[in-house]
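After the sequence you'll find the predicted model.
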Amino acid sequence: MPRKTTEGWLFDAYPEPEGMRVWIIERGGGRRSVLDCWRPAFHAGGDARALKRISDILAGLPYPVETAWVDKKELFSDATLRVLEIRVPVLERDRLVKRLVAMEFALYDADMHLVQAYHYDRGHFPLALCRFRLDGGILSSFELLDDPWSVDYEIPSLRFLHLSLSGSDIAGRVDPNHAAFGRLSLTMDGRTSELEGGARDQLETLARRLRVFDPDVVTSDWGDSVLMPELERLSNEHRIPLGFSRDQGRGVEGKKDRSFFTYGRAVYQGGARYFFGRWHLDGKNSFMLRETDTDGLFEIARIAKIPVQRAARCTIGTSLSSMQMAWASTHGVLIPMEKQQAEDFRPATELLAADKGGLVYEPDVGWHRNVAEYDFTSMYPEMMVRRNISPETVNCPCCPENAVPEVGHHLCTKRRGLVPSVLEPILLKRARYKALAKAGGPDAASYKRRAAAHKWCLVTCFGYLGFKNARFGKIEAHECVTAWGREVLLRAKDSVESRGYRLLHALVDAIWIELRPGADLEELRLLIEREAECPLALEGVYEWIRYCPSKEDALSGVPGRYFGAFTNGELKIRGIALRRRDTPSLLKAMQRELLERLARVEPGGDLKALVPALLDIVSDYRLRLREGRVTAEELAITFHLSREPGEYVHDTVSSLAAKQLAATGVTLHAGETVRYVITAASDAVKEWRSKPLALMEHGLEYDAKKYLELLERAAWEVLDGLVPPPAPKRRPQAVKPPELPLLWS
DNA sequence: AAAGTACGGGG
DNA sequence: GTGTACGTACTTT
């Protein structure tokens, strides 16, 4: 058997009966697969009797089992436990674990994703550069030449092939679920070609291109939900194997589609299609790809040790979980099968104090000039790292004196927590990427996307602490974070006000200060940062900023609704129609035009002087609506289904649009998106009230009166406070959108 | 008046 | 293979 060493990147890994099949992209360009005879380990604890019973079961298994006694740490108690380490063939683990769990044995490290467990155990990660020692087809050892925390790692030069359906995005159709199956397009080396001929010819061409070009990555639009399933069907029907997997012995693995809830909204994920020895990445079914492209995706795969195809499709919570498990695994800490920690009992009064989230002030409603905004950078992760907040460090038996403000919890000072240990390198790496991006250069954009990927990890980490199903979550730890966050903001407020500045607004991790002439911004920043004990950055100085009033009560403000222009002319907009996905793009464009005009005011200039120009803008849009100079695209309302169409109780224009689509045979899931136009908002015939773009065959029909109403509302949202309030008519509140002739004539 | 429903955030 | 916030605005019944 030939022995050799080769330098290359660990490209793919998946289980086989004898171990892990590993694909390597060699520095010289070769693609080869080898077998790593690895077996996963899990651990069993319990008393002597229980372990004896396990030994008996293991002895009766028809395959080889390795066992050893090892000492491991139990995370929450910090106790050392002697446990039985069990190693079995990869493909046997899940069945054995299921059997032992059913017999109520205490198992650890037993339900991790197998490929992730492989990476933790071996100490490598996806896309790691290694020197591999090969013994024929066997991977006998390797040397890691890479570091997941390095910022300037090399990525192998990958061959991409992009698959899409032409005609799948036509006429505002959101995805091909709602359109006919189009023609297949291939893009390689920047050249796109449409496949010609009937299904047979197209399949043969595709199979040939895959074979000849041999891509490492097949990217697609809607590959998971539509393209791959359809190609599979055709491939079976015409008996033309496509060879998507580079591994000749493997087909394509399918995962079922699902709808789930996250951040209070439904998400629909099309069933995944995984390849072997090659990747399939569906750009339309991956949050990470959409947000951060392959730069962020590879970054996540490397630090979370999750295979790239999977990292593309899983939520960041899963990636974060993996980082925590990797940390536990390398630090000899036992990983529980599922979340077992119950919430500690607390008296009702404490619960009340602890349940508050971030601190929120009511802004000083109105238009303001010369305002500085400072943000605490990564406030929650910073608190976790700085204050050592982790599920196992909360209310430890040893440090009652290290109290957390308000909530009645305390934190350990003796033992470094798992969560801060995992977060600290992420915070540092993100800061390095941000600095590199700021420095410019050819890779600046790539660094920026990697920093964005890290940002998502940091954002998620806080939420995950309070998630009841998280393996390492604990609600008390979550409460400590928000409590410290509130303390930081309170200190900042005191710090600002004690220097005689006026605080206009404060929101979780941001503060807005009315500046005095000659104020030293950096001095102020340092002062607040020192007193609040959290890193602070100047977000910018506003030439003007408006805090919008509540529409229920014109005298009170809404914390998250404001817009302003920085002195450099850039806009920051929050909470108004322009920011909402369900606002027609026509109205977004109008609001943006108004705001951009306002942003061009000369320093210290009079905003009210711009009113005539602003009213002209509104008039133009109004006229366009009246004269029909608008497209369906501009009027379309994008609407996110929170349930299946049939489950809606009320017939809103949105649910009616969804129901119409469903009636034509389109299966819509919670979490999917429908775009529609309001055709006749109050028509007695409900199906005539709105129309999905996908069903729009003839000319555009729209409810001009309704859209004009929405337009006035959107215009008013920006202009309120600059133009005189409309005379009250039947409705007494001055904040209601004005009647047309009164204000705009 | 009450209940149903959608949205944002982070950059 | 997983975060069912939480407050506001608007609509339907």
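Arrived safely.

Only C-alpha atoms from now on, for both contacts and neighbour counts.
Noted.

Quick check: the gap between residue A:521 and residue A:371.
Using C-alpha to C-alpha, to the nearest Å, residue A:521 is found at 11 Å from residue A:371.

So those two - more neighbours on which side?
residue A:371 (22 against 15; other C-alpha atoms under 10 Å).

and that one, backbone torsions?
Per-residue torsions, residue A:371: phi -120, psi 140 (degrees, to the nearest 10).

got it, and residue A:416?
Backbone torsions of residue A:416, given as degrees, to the nearest 10, read phi -70, psi 130.

For it, which residues are in contact?
Taking C-alpha atoms under 8 Å, 6 or more residues apart in numbering, we find residue A:416 in contact with A:388, A:393.

Now for chain A, the helix or strand with the poorest mean pLDDT.
Least confident helix or strand of chain A, by mean pLDDT, DSSP states H and E, is helix A:740-744 with a mean of 30.

need the contact list for residue A:202.
Counted by C-alpha under 8 Å, 6+ apart, residue A:202 has contacts A:184, A:195-196.

For PyMOL, what selects the buried ones among the residues you listed?
Selection of buried members from the contacts of residue A:202 for PyMOL, criterion 16 or more other C-alpha atoms under 10 Å:
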select buried, chain A and resi 184+195
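
ok, which of the contacts of residue A:202 also contact DNA strand B?
Contacts with DNA strand B are made by none of the contacts of residue A:202, judged by C-alpha under 7 Å from any atom of the strand.

and of the contacts of residue A:202, the nearest to DNA strand B?
Using C-alpha to the nearest atom of the strand, residue A:184 comes nearest to DNA strand B of the contacts of residue A:202, at 30.3 Å.

pretty sure the closest one is in a helix, no?
No - Residue A:184 is assigned strand when assessed by DSSP: H, G, I helix; E, B strand; the rest coil, not a helix.

so what's it bridging to?
Beta-bridge pairing for residue A:184 (DSSP bridges): residue A:165.

okay but it is in contact with residue A:192, surely?
No - checked against C-alpha atoms under 8 Å, the pair residue A:184 and residue A:192 is beyond contact range at 10.4 Å.

what's the neighbour count on residue A:53?
Residue A:53 sits with 12 neighbouring residues when counted by other C-alpha under 10 Å.

now do residue A:715
Counted with other C-alpha under 10 Å, residues neighbouring residue A:715 total 21.

Pull the residues that contact the strand or helix carrying it.
Using DSSP states H and E, residue A:715 sits within helix A:704-719. Helix A:704-719 is contacted by residues A:548, A:576-577, A:587, A:590-591, A:594-595, A:618, A:622, A:625-626, A:678, A:680-681, A:737-738, A:740 when judged by C-alpha under 8 Å, 6+ apart.

tell me, which of those make contact with DNA strand C?
Answer for the contacts of helix A:704-719 near DNA strand C (C-alpha under 7 Å from any atom of the strand): residue A:681.

Quick check: helices, which of the contacts of helix A:704-719 are part of them?
A:587, A:590-591, A:594-595, A:618, A:622, A:625-626, A:740 (DSSP state H).

With distance to residue A:205 as extra columns, can I get the residues you listed in JSON lines?
Shown next, in JSON lines, are the ones in helices among the contacts of helix A:704-719 (distance: C-alpha to C-alpha, whole Å):
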{"residue": "A:587", "distance to residue A:205": "46"}
{"residue": "A:590", "distance to residue A:205": "47"}
{"residue": "A:591", "distance to residue A:205": "49"}
{"residue": "A:594", "distance to residue A:205": "52"}
{"residue": "A:595", "distance to residue A:205": "52"}
{"residue": "A:618", "distance to residue A:205": "53"}
{"residue": "A:622", "distance to residue A:205": "52"}
{"residue": "A:625", "distance to residue A:205": "48"}
{"residue": "A:626", "distance to residue A:205": "51"}
{"residue": "A:740", "distance to residue A:205": "61"}
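
before we move on, the earlier item: residues that sit against both of residue A:521 and residue A:371, list them.
Residues touching both residue A:521 and residue A:371 by C-alpha under 8 Å, 6+ apart: none at all.

related to what we said a few turns ago, could you give me the PyMOL syntax to select whichever of the contacts of helix A:704-719 are buried?
In PyMOL, a selection of the buried entries from the contacts of helix A:704-719 looks like this (16+ other C-alpha under 10 Å):
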select buried, chain A and resi 548+576+577+587+590+591+594+595+618+622+625+678+680+681+737+738
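
Neighbours of the residue in the stretch 451-600 of chain A that DNA strand B sits nearest to, how many?
Nearest residue of the stretch 451-600 of chain A to DNA strand B: residue A:580, at 3.0 Å (C-alpha to the nearest atom of the strand). The number of residues packed near residue A:580 is 13, by other C-alpha under 10 Å.

And for residue A:398?
Neighbours of residue A:398 under the rule other C-alpha under 10 Å: 14.

same check, this time on residue A:677
When neighbours are counted by other C-alpha under 10 Å, residue A:677 comes out with 28.

Give the full set of residues in contact with it.
A:632, A:635-637, A:690-693, A:702.

for it, which residues make a bridge with it?
Counting by DSSP bridges, residue A:677 forms beta bridges with residue A:691.

tell me how far the ends of stretch A:595-606 are from each other?
15 Å.

Get me the contact residues on chain A for DNA strand B.
For chain A, the residues in contact with DNA strand B (C-alpha under 7 Å from any atom of the strand) are A:263-265, A:377-378, A:452, A:455, A:459, A:560, A:573-575, A:579-582, A:638-643, A:647-650, A:654-655.
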